[in-house]
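> model the structure of this input:
(4 chains)
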2 protein chains.
Amino acid sequence: MSAQEPTVLVIEDEAPIRHFLRTTLSGQGFQVAEASTAEDGLAQAAARNPDIIVLDLGLPDLDGIEVTRRLREWTAIPIIVLSARNQEQDKVAALDLGADDYLTKPFGVKELMARMRAALRHAARSDAGPGEAVFTTGELRVDLVRRQVFVGDQEVHLTPIEYKLLTVLVRNAGKVLTHRQLLKDVWGPLHVDEAHYVRVYMRQLRAKLEANPAHPRYLITEIGVGYRLRTEDEDKEQRPSSPIQKPSR
Amino acid sequence: MSAQEPTVLVIEDEAPIRHFLRTTLSGQGFQVAEASTAEDGLAQAAARNPDIIVLDLGLPDLDGIEVTRRLREWTAIPIIVLSARNQEQDKVAALDLGADDYLTKPFGVKELMARMRAALRHAARSDAGPGEAVFTTGELRVDLVRRQVFVGDQEVHLTPIEYKLLTVLVRNAGKVLTHRQLLKDVWGPLHVDEAHYVRVYMRQLRAKLEANPAHPRYLITEIGVGYRLRTEDEDKEQRPSSPIQKPSR
DNA sequence: CTGGTTTTTACACCGTTTTGACACCGCCAT
DNA sequence: ATGGCGGTGTCAAAACGGTGTAAAAACCAG
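Below is the predicted model of the structure:
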């Protein structure tokens, strides 16, 4: 990936600002990618896999908030939001959706650079590999960027909740997720007790994704605990390295 | 570390602001620690090991910048800097020294909270790295993250209680656990007298995990006391007390 | 209004947990 | 030795609760 030259993706519709950012950032040793619309921005984020994204909230086609949400569905790349609006609620919304920082225009270049360095520092510290944009196991394929799901080469249509549930399982593929965990991530922390939901939707997912829903190959029930998405290399999995590894710091 | 209630350390010399922060933050479910000087702040950071630090730059005894530097010498706890000064160079200095965010007074509480959440998010993500915790002894392998158990390369399905019991033994591998201890950890402190439970389940575990359940290699009975999970390196070592070893059946 | 989606409700089924009964072994006192 | 005794292992029936299934009702956006 980014060895020497970190890549920054600038999503900004106003040409003057975009050009200004391009020159200053590339002058600071960044590889710069540009997009002037939300759609192009999302596409380029997936295609070029930048190290950091600078995102203007005021885009012509899609709300910047929405762009943040879409990005966070599949990646943890640092996002720094730029905005002309200084409303507190905008900041809260963007930050809570997963943005890493929020600057209001006009902003100083030095400050932007410093905040970018801080964001990159975080990413470097936690970098657990860029979350893969396409997950595959057996015949099942989930494209987190395009929000498409395939069984074999056949696309499957999922409802919003079905898709959300599936992405949660994908992001934790192989691990067991408790009912509460799934309910919190999909329906929000207020519904952690509605255990029915999960069963109903798991059944629907199985009906759509499994060849034989009665004997699921992917969506595994862990009775009394929750569910798990089976990964490709199931039983033959080798021991990682040492008998016991503590969680790394 | 932080179980339910995240702890925030507020380092701020002006009493009104400090009190204001204390009430709002504790109202938001934080455990709040306070310091009014840099020195006290550094001491408390070390002593209480908070999840996040809110640091005012204008302190009487030491520069806030210096506090940041000192903290970063030994910890990566998120630091959010508050300052009355809006100079760009101050922000750059603080951020480049390792501060995670920088707010200028006056600031909105909502924004502060959102930025704190963002900072905690980062910390959580780098904290919970992909450390696979796998316990191994002989042919037996227990993956505590995925909640999977293998004998050889064959996965074994365990019921919730069976698995819970096994994890308690794993966490105390090699040590003897009394019946009461096991009952308390698995069934809860109300059932510490139902010693029968342990026997029934120990049998089921042996049936699933041991090659020859009648002569267990892993799940050892310590008669009159409880049970013990044998660890890898202990097979060679025979009972230290008696030089004569009994004929094995 | 309509079609798709989400939420509820109801019920049959099956695995798990609990419970009870009994065989076994080693030890001690008779 | 022998018989009792406490701790242990074995087995399986019964009670329990989680899970899968289906479909109706409520909801919502076009």
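
> point to the residue nearest the middle of chain A.
A:Trp74 (2.4 Å; Cα atoms, centre = their mean).

> quick one, what contacts that one?
A:Ala46, A:Gly131, A:Ala133, A:Leu144, A:Val145 (Cβ atoms under 8 Å, 6 or more residues apart in numbering or on different chains). C-beta here means a position set from N, CA and C on the backbone, and glycine is covered the same way.

> the fourth one contacts A:Thr167, doesn't it?
Read that as A:Leu144. Yes: under the criterion of Cβ atoms under 8 Å, A:Leu144 makes contact with A:Thr167 at 6.5 Å.

> could you show which parts of chain A are in contact with DNA strand C?
A:157, A:159-162, A:187, A:194, A:196-197, A:200-201, A:223-224 (Cβ under 7 Å from any atom of the strand).

> how about stretch A:218-236: buried residues?
Buried residues in stretch A:218-236, counted by 16 or more other Cβ atoms under 10 Å in any protein chain shown: A:Tyr218, A:Leu219, A:Glu222, A:Gly226, A:Tyr227, A:Arg228, A:Leu229, A:Arg230, A:Thr231.

> how about the backbone phi and psi for the residue of chain A found nearest DNA strand D?
Closest to DNA strand D within chain A is A:Thr221: 3.7 Å, counting by Cβ to the nearest atom of the strand. Note on A:Thr221: its backbone torsions stand at phi -90, psi 130 [degrees, to the nearest 10].

> and for A:Glu210?
Note on A:Glu210: its backbone torsions stand at phi -90, psi 140 [degrees, to the nearest 10].

> for A:Ala173, same thing?
The phi/psi pair for A:Ala173 (degrees, to the nearest 10) is phi -50, psi 130.

> can you pull the contacts of it?
A:Phe135, A:Thr137, A:Leu229, A:Thr231.

> let's see 6 Å
A:Leu229, A:Thr231 (Cβ atoms under 6 Å, 6 or more residues apart in numbering or on different chains).

> same check, this time on A:Phe150
A:Arg141.

> and with 8 Å instead?
So A:Phe150 contacts A:Leu140, A:Arg141, A:Val142, A:Asp143, A:Val156 (Cβ under 8 Å, 6+ apart).

> same deal with A:Pro106?
By Cβ under 8 Å, 6+ apart, A:Pro106 lies in contact with nothing.

> show the pLDDT at it.
For A:Pro106, the pLDDT comes out at 89.

> so does the longest helix along chain A get close to chain B?
Longest helix in chain A by number of residues (criterion: DSSP state H): helix A:109-126. Yes: using Cβ under 8 Å from any Cβ of the partner chain, helix A:109-126 reaches chain B at A:Lys110, A:Glu111, A:Met113, A:Ala114, A:Arg115, A:Arg117, A:Ala118, A:Arg121, A:His122, A:Arg125, A:Ser126.

> that helix relative to helix B:109-127, how many degrees between them?
Relative orientation of helix A:109-126 versus helix B:109-127 (axes from the mean of the first three to the mean of the last three Cα atoms, to 10 degrees): 40 degrees.

> circling back to that earlier point, please pick the buried ones from the contacts of A:Phe150.
Buried members of the contacts of A:Phe150, scored by 16+ other Cβ under 10 Å, are A:Leu140, A:Arg141, A:Val142, A:Asp143, A:Val156.

> check what pLDDT the residue nearest to the centre of chain A gets.
For A:Trp74, pLDDT reads 88.

> what about it, which SS state?
The three-state assignment at A:Trp74 reads coil, by DSSP: H, G, I helix; E, B strand; the rest coil.

> so what's the residue nearest to it when sequence neighbours are not counted up against?
Nearest residue to A:Trp74 in three dimensions, chain neighbours excluded: A:Leu144, at 3.3 Å (Cβ to Cβ, 6 or more residues apart in numbering or on different chains). Contacts for A:Leu144 (Cβ under 8 Å, 6+ apart) come out as A:Glu73, A:Trp74, A:Gly131, A:Ala133, A:Val134, A:Phe135, A:Thr167, A:Val170.
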